[in-house]
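S.K.: What follows is a predicted protein model with its sequence.
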Amino acid sequence: LDEITAFFLRENAGERPHYRFQPENFSKVIRGELIKKNNRKWFDAYIMTGAMEFDVYCKRLNALLPDLPVLVVGNRKHHLEYAVKSQFPAIILTGLEPGEPIDADFSAYRGIVYKSYEDTAETIRLLRMSLPVRHLLASEPPRVQVDDLFDDAKRILMETEYRGLPVFDDQRFVGFVTRRCFLERPRRKVVMVDHNELNQSVEGLAEADIVEIIDHHRLDAEKTQRPIFIAAEPVGSTCTIVYHQFLRWSVPVDPLTARMLLAGIISDTVMLKSPTTTNQDVTAVNALCKIASIPNVKLFGEQLFSAASVLTKADPKKVVEGDFKAYAENSVRFGIGQVEVTTLSQVDEVKEKYLEQLEISKRDHGLDWAMLLVTDVIKEESILLSTPYPRREKALIYPSESPGKYLLKGVLSRKKQLLPEILRVLEEGR
């Protein structure tokens, strides 16, 4: 509708407009009858009336050559003879009653003759309505995809002359957005899982509508606009809480989901060895093993950590930021990533490139201090890689083996063992 309106607005602003006519449409919009036709399916031409004196009529036409018009005229002999001689693409006769003779010879004429039962003004108005809509619309307008970001889609629309754009899901048309759609930013409904602090979440969450929190960390959630559902339990893994939700709502756990939840609990609790492990975690693991038909949870855990423990081949950015938590305490912003491995023997080989990545992550996240806890799930010990923080890092209770590297005997949990030590150091350093 916008493009059709824009078309008719444009034709009244500037030079004489040309139209793409389709002769078969004349009878669909104008009462009348076809006197003469040809094989042309369509043609481009402007519209001209034959209401003026013949000399003026000829002068006007000659000024527009080589363009020839669709002539809308009454039963005027000289005007018609000139149109036939010049081979106008079409002649629309007006003011004639059915059966009334026409004062012209069309035997040598190769164009189209249509006799309208309407007056000239009404005929012209209706003639413009005969234009096929497909010629008024853009054949390849810009399009947006359903997964485009709000700001990106808004920018695409603002950079065009269109008032709206089609929306596609890949190649399937699913809807239409107009400029009005961008007056107010929609708020996505979000469930925060395994975290509850905005600075630990995805970018843009502050503009979302948080409807649930499922977490096992300390609570430092943002104020919400209305009451929300919070499932927070002091267990070793958020996957244990998710399993409890299946039980709470009497929803069966399928084998694949059971295997995924089991992998999450085993990873978070370091094969149930972490000090964060609770009886609820053990109970959940036993139940999920039965559902997923896993007879040996220890073997499952070793295979899980072995598959993800090759530090030398992994992308340092993915390792550091794959499980990265950011915190703010005593005006200090710091972040701790964690990765579980089956051996710490590779750490020295890759230490420098991981320290470089920690510096990059520190800068990108606007932190004062960045660390990576590399945990050996077999020997139950960890190595802490850390960016320099001269003000407080020397106060850590852990022995330093080399610059940026600390040995953490018996430490498996970031939340329950490392984080309290970092908070102690920052508190004492105020």
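M.R.: On my side now, so go ahead. Residues are numbered from 1 along each chain as shown.

S.K.: Counting neighbours, which bits of stretch 330-343 end up buried?
M.R.: Buried residues in stretch 330-343, counted by 16 or more other CB atoms under 10 Å: Val332, Arg333, Phe334, Gly335, Ile336, Gly337, Gln338, Val339, Glu340, Val341, Thr342. Where C-beta positions appear, they are placed from N, C-alpha and C, glycine not excepted.

S.K.: So what does the last one look like in phi/psi?
M.R.: It stands for Thr342. phi -100, psi 0 (degrees, to the nearest 10).

S.K.: pretty sure it is touching Val377, no?
M.R.: Yes: between Thr342 and Val377 there is a contact at 6.4 Å, judged by CB atoms under 8 Å.

S.K.: any shared contact partners between the two?
M.R.: Phe305 (CB atoms under 8 Å, 6 or more residues apart in numbering).

S.K.: mind listing what's buried in whichever strand or helix holds Thr375?
M.R.: Assessed by DSSP states H and E, Thr375 sits inside strand 369-376. Using 16+ other CB under 10 Å as the test for burial, strand 369-376 gives Trp369, Ala370, Met371, Leu372, Leu373, Val374, Thr375, Asp376.

S.K.: Mind jotting down where the strands sit in the stretch 251-400 of the chain?
M.R.: Along the stretch 251-400 of the chain, counting by DSSP state E, counting those that start in this stretch, strands occupy 324-329, 332-341, 369-376, 381-386, 400-402.

S.K.: Which among those strands is found nearest to Arg60?
M.R.: Evaluated over those, closeness to Arg60 peaks at strand 324-329, with 76.2 Å, by CB to CB.

S.K.: Tell me if I'm right that Ile30 and Ile124 touch.
M.R.: No: applying CB under 8 Å, one finds Ile30 not in contact with Ile124, separated by 9.8 Å.

S.K.: Next, the contact list for the residue nearest to the spatial centre of the chain, please.
M.R.: Centrality entry for the chain: nearest residue to the mean C-alpha point is Asp148, 2.0 Å, by CA atoms, centre = their mean. Residues near Asp148 by CB under 8 Å, 6+ apart: Ile156.

S.K.: same deal with Leu71?
M.R.: By CB under 8 Å, 6+ apart, the residues touching Leu71 are Met48, Thr49, Gly50, His79, Ala83, Phe88, Ala90, Ile91, Ile92.

S.K.: Now do the helices in the stretch 251-400 of the chain.
M.R.: Remark: helices assigned in the stretch 251-400 of the chain by DSSP state H, counting those that start in this stretch are 255-268, 279-292, 297-307, 316-322, 347-364.

S.K.: any chance of the buried residues of stretch 330-343 in JSON lines, with distance to Leu408 too?
M.R.: Converted to JSON lines, these look like this (distance: CB to CB, whole Å):
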{"residue": "Val332", "distance to Leu408": "20"}
{"residue": "Arg333", "distance to Leu408": "22"}
{"residue": "Phe334", "distance to Leu408": "16"}
{"residue": "Gly335", "distance to Leu408": "17"}
{"residue": "Ile336", "distance to Leu408": "12"}
{"residue": "Gly337", "distance to Leu408": "14"}
{"residue": "Gln338", "distance to Leu408": "11"}
{"residue": "Val339", "distance to Leu408": "14"}
{"residue": "Glu340", "distance to Leu408": "13"}
{"residue": "Val341", "distance to Leu408": "14"}
{"residue": "Thr342", "distance to Leu408": "17"}
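
S.K.: how about those in JSON lines, adding pLDDT?
M.R.: Conversion of the buried residues of stretch 330-343 to JSON lines gives the following (pLDDT from 0 to 100):
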{"residue": "Val332", "pLDDT": "92"}
{"residue": "Arg333", "pLDDT": "94"}
{"residue": "Phe334", "pLDDT": "95"}
{"residue": "Gly335", "pLDDT": "95"}
{"residue": "Ile336", "pLDDT": "96"}
{"residue": "Gly337", "pLDDT": "95"}
{"residue": "Gln338", "pLDDT": "94"}
{"residue": "Val339", "pLDDT": "92"}
{"residue": "Glu340", "pLDDT": "88"}
{"residue": "Val341", "pLDDT": "87"}
{"residue": "Thr342", "pLDDT": "84"}
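
S.K.: what's the most distant pair in the residues you listed?
M.R.: Pairwise distances among the buried residues of stretch 330-343 were taken by CB to CB; the largest, 33.0 Å, belongs to Val332 and Thr342.

S.K.: thought Tyr117 was touching Gly95?
M.R.: No: assessed by CB under 8 Å, Tyr117 is found out of contact with Gly95, at 9.1 Å.

S.K.: Kindly format the C-alpha coordinates of the host helix or strand of Leu61 as PDB.
M.R.: Using DSSP H and E, Leu61 maps to helix 54-64. In PDB, the C-alpha atoms belonging to helix 54-64 read as follows (Å, rounded to 0.1, in the frame of the first residue of the first chain):
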ATOM      1  CA  PHE A  54      -6.300  20.600 -33.300                       C
ATOM      2  CA  ASP A  55      -3.300  22.900 -34.000                       C
ATOM      3  CA  VAL A  56      -2.400  23.100 -30.400                       C
ATOM      4  CA  TYR A  57      -2.900  19.400 -30.000                       C
ATOM      5  CA  CYS A  58      -0.400  18.700 -32.900                       C
ATOM      6  CA  LYS A  59       2.100  21.200 -31.500                       C
ATOM      7  CA  ARG A  60       2.000  19.600 -28.100                       C
ATOM      8  CA  LEU A  61       2.500  16.100 -29.500                       C
ATOM      9  CA  ASN A  62       5.400  17.100 -31.800                       C
ATOM     10  CA  ALA A  63       7.200  18.600 -28.700                       C
ATOM     11  CA  LEU A  64       7.100  15.200 -27.000                       C
END
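
S.K.: Thank you, goodbye.
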